[in-house]
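J.: Got a predicted model here, sequence first, then my questions.
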Amino acid sequence: MHRLLAILFLGAAAAQQFSCPPDDGFYRDPNQCDKYYDCYRGTMTEKLCPDGLVFDDAQGPRVEQCNYPFIVSCPDNSILQAAQPVGIECPRMNGYFEHEDPTNCVDYYECTGGVPVTRTCAAGLVFDEFTGTCQWEHTGIRSGCIAKVIVLADGFSCPNITQIHTNGQELDHSRHVKPDDCRFFYVCEDGKFPREVGCPIGTVFNADTLNCDSPDNVPECANYYPSDPQEGRVVLGL
């Protein structure tokens with residue numbers, strides 16, 4: 001309560017100290033980044049940006065606009081209006097915010113008017129609240145992150161293993177048997193993101209070679225196809 005009163009007092013004092021320049025326009029308060037003044041013919045109107053945004057004067061006094069704090073440069077000692085949080089997702093009404101779980105570095109919230117939308121960084125990236133963007137994980141910009149495990153509808157998730165192909169090369173996208181269907185298998189993109197794919201009709205997945213192969217070379221799948229290979233089968237592209 002005392003802190004809020006102090007902020008209000010400082011805001012009132014700043015308004016008293018500010019005086020409009022000779023030219024009409026919109027001018028940021030020198031002490032509070034989300035406050036600005038509309039100066040028109042000698043009359044000053046004090047205004048506030050929506051909670052979470054700050055006044056952007058980059059285009060000059062003729063333009064009235066508010067923007068995200070990571071776009072606008074504010075003095076280190078600048079104050080802001082009291083936050084108007086909405087749930088755990090939006091510490092302020094507008095902005096981009098980290099997930100409440102500090103180990104979840106890939107998901108974040110885009111809040112607009114207090115309404116959150118969950119966003120997810122692409123593979124290899126983590127969210128950086130300071131810049132409002134996803135940054136490369138290997139830069140170490142976030143600490144304590146735990147990889148998000150993605151589970152398919154049938155319960156499969158990518159195992160944390162290194163897989164070597166028959167040519168001796170380590171696979172970037174590991175491949176895994178689908179237990180209940182010889183033709184289908186899982187591909188783990190970047191070792192983290194699983195998807196199900198299928199071998200061309202007439203072939204099955206060979207767990208030893210990690211390739212599609214003739215059923216004759218995979219004993220447990222020798223009788224996978226009926227006499228008509230097309231019967232009851234649906235092709236999925238690789």
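T.: Yes, it's here.

J.: elements contacting the helix or strand where E196 lies?
T.: Using DSSP states H and E, E196 falls within strand 193-198. Contacting strand 193-198 under the criterion 3 or more Cβ pairs under 8 Å, 6 or more residues apart in numbering; DSSP states H and E are the following elements: strand 184-189. C-beta coordinates here come from the backbone N, C-alpha and C atoms, glycine included.

J.: on that earlier part again, paired strands for the strand holding E196, with orientation please.
T.: Counting by DSSP bridges, the strands paired with strand 193-198 are strand 184-189 (antiparallel).

J.: contacts for the partner strand?
T.: 123, 152, 156, 158-159, 173-178, 194-199, 205, 236 (Cβ atoms under 8 Å, 6 or more residues apart in numbering).

J.: SS state for E110?
T.: Counting by DSSP: H, G, I helix; E, B strand; the rest coil, the backbone at E110 sits in strand.

J.: What pLDDT is listed against it?
T.: At E110, the pLDDT value in this model is 97.

J.: what do you get for S78?
T.: On the pLDDT scale, S78 gets 90.

J.: Touching, H99 and P116? I think so.
T.: No - with contact defined as Cβ atoms under 8 Å, H99 does not count as touching P116 (10.6 Å).

J.: Show me the domain layout of the protein.
T.: 2-67, 83-147, 149-238 (automatic domain parsing).

J.: Kindly write the ChimeraX command that selects the buried subset of the contacts of strand 184-189.
T.: Remark: buried members of the contacts of strand 184-189, expressed as a ChimeraX selection using 16 or more other Cβ atoms under 10 Å:
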select :156,158,174,175,176,178,194,196,197,198,199,205
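
J.: Mind putting the domains of the chain into a markdown table with distance to P75?
T.: Listed next are those as a markdown table, based on distance: least, Cβ to Cβ, whole Å:
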| stretch | distance to P75 |
| --- | --- |
| domain 2-67 | 8 |
| domain 83-147 | 16 |
| domain 149-238 | 41 |
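
J.: out of those domains, nearest to N77?
T.: domain 2-67 (7.9 Å; Cβ to Cβ).

J.: And that closest one, how far out from the chain middle?
T.: Centroid displacement of domain 2-67 relative to its chain, using Cα atoms, centre = their mean, to the nearest Å, is 32 Å.

J.: What sits closest to Q65 if chain neighbours are left out?
T.: D56 (5.1 Å; Cβ to Cβ, 6 or more residues apart in numbering).

J.: oh, I was asking about I161
T.: I161 sits nearest to S174 (Cβ to Cβ, 6+ apart), 6.8 Å away.

J.: Much appreciated, bye for now.
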